[in-house]
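[1] Kindly return the folded structure for what I paste below:
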Amino acid sequence: ADLHPLARRQLRGTVGSFFRNLAASATGSSSSVSVSADEVVVRNASGDPALLTGVSLSIDSAASGVNGLDTGAVASDTWYAIWVIWNGTTTAGLISLSATSPTMPSGYTHKARVGWIRTDGTANKYPIAFVQRDKRVQYALAGALTAFPQMFYGTTSGAQAVAVGSFCPTTAGAIALSWGVAGNGSGASIAIGPSAAAAVASSSGFAYLGSSSVSFSAINNCQMLLESSSIYVDSSNGNGFIGCTGWEDNL
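    Presented below is the predicted three-dimensional model:
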């Protein structure tokens, strides 16, 4: 507030999204989400930044307002953005359906999105278990999540689109995958890629990623940049599979 207007505009342009030692997690067995960071930059509606230090928050997805849900009631199988908010004195947390414009509690002027949760499909509507370190997020096998979410299992006729919206949020720039041929592949093959063209092996080129199996399991792990709201798979056998283990957020 003490800066000359020109200096304030320059500061807005040079200070972007910033965090240091960001971490978040949920156990899958309660409505609580933990968020911590050594430093987080939050902004107001005019773009003026403020640096918050020593952030340590517990957000309750079953609560409303400060350190809870911004508006309405929590729903099952739904993505909610995690926000750090500030009123000039107090640092707090918020979850919201909006990745850009949460409904801010009275008096809170600054905010920064720091991640996402997805609620489970049970009557509890708990956040699915996860661990986050900076931009990288990994599903944790706890609570209602007993195995990594299955994206695909079976056979295709050529490259088939697999939507990623139930497995990673809209702001994800990359998705982490476990994929291959399960059980007795009997010469099975599977190819995956970020586009239909990249998932088909031919005499003129090779798949973005490919795997084959002859009487044994072939399991691979990778992180793939997303080119659209789908990835693609070409599987020659009913044992071909893709599971999601996490994602990398664009923060």
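[2] Work out for me the element N237 sits within.
    Remark: N237 resides in no helix or strand, with elements defined by DSSP states H and E.
[3] okay, it: pLDDT?
    Per-residue confidence at N237 stands at 77 (pLDDT).
[4] partner residues bridging the nearest residue to it once chain neighbours are set aside?
    Computed as CB to CB, 6 or more residues apart in numbering, the closest residue to N237 that is not its neighbour in sequence is A188, at 3.0 Å. Every C-beta, even on glycine, is put in place using the N, C-alpha and C of the backbone. Here A188 shows beta-bridge partners S213, assigned using DSSP bridges.
[5] Now do A188 against Y153, distance only.
    As for A188, its distance to Y153 is 12 Å (criterion: CB to CB, to the nearest Å).
[6] Please apply the same query to L141.
    From L141 over to Y153 the distance is 18 Å, taken as CB to CB.
[7] of those two, who's got more company?
    Here L141 and Y153 are compared on neighbour count by other CB atoms under 10 Å; more neighbours surround Y153, at 13 against 10.
[8] quick one: contacts for that one?
    Contact criterion CB atoms under 8 Å, 6 or more residues apart in numbering gives A182, G238, N239, G240, F241, I242 as the residues in contact with Y153.
[9] May I ask which two of those are separated the most?
    The widest separation within those, taken as CB to CB, falls between G238 and I242 and amounts to 13.6 Å.
[10] okay, those two: which has more neighbours?
    In terms of neighbours (other CB under 10 Å), I242 is the more surrounded of G238 and I242; the figures are 21 against 15.
[11] Mind checking which of the contacts of Y153 land in strands?
    Helix and strand membership here follows DSSP state E; of those, those in strands are G240, F241, I242.
[12] Which stretches in the stretch 101-250 of the chain count as strands?
    Listed in chain order, the strands found in the stretch 101-250 of the chain under DSSP state E, counting those that start in this stretch are 110-118, 130-133, 136-139, 150-154, 160-163, 172-181, 188-193, 209-213, 218-225, 230-235, 240-249.
[13] Partner strands of the last one, with direction?
    Partner strands and pairing direction for strand 240-249 (DSSP bridges) are strand 136-139 (antiparallel), strand 150-154 (antiparallel), strand 172-181 (antiparallel).
[14] Poorly predicted segments of the chain, please.
    1-17, 183-187, 201-208, 211-218 (pLDDT under 70).
[15] please redo it, this time with the cut-off set to 90
    Under the criterion of pLDDT under 90, the regions of the chain flagged as low confidence span 1-18, 157-158, 179-191, 197-221, 235-240, 251.
[16] how many neighbours does the nearest residue to T53 once chain neighbours are set aside have?
    On the basis of CB to CB, 6+ apart, the spatially nearest residue to T53 that is not a chain neighbour turns out to be E39, at 5.3 Å. Close neighbours of E39, defined as other CB under 10 Å, add up to 14.
[17] List phi and psi for E39.
    Taking degrees, to the nearest 10, you get phi -150, psi 140 for the backbone angles of E39.
[18] Return the residues in contact with it.
    Shown here is E39, whose contacts under the criterion CB under 8 Å, 6+ apart are F18, F19, R20, N21, L51, L52, T53, V55.
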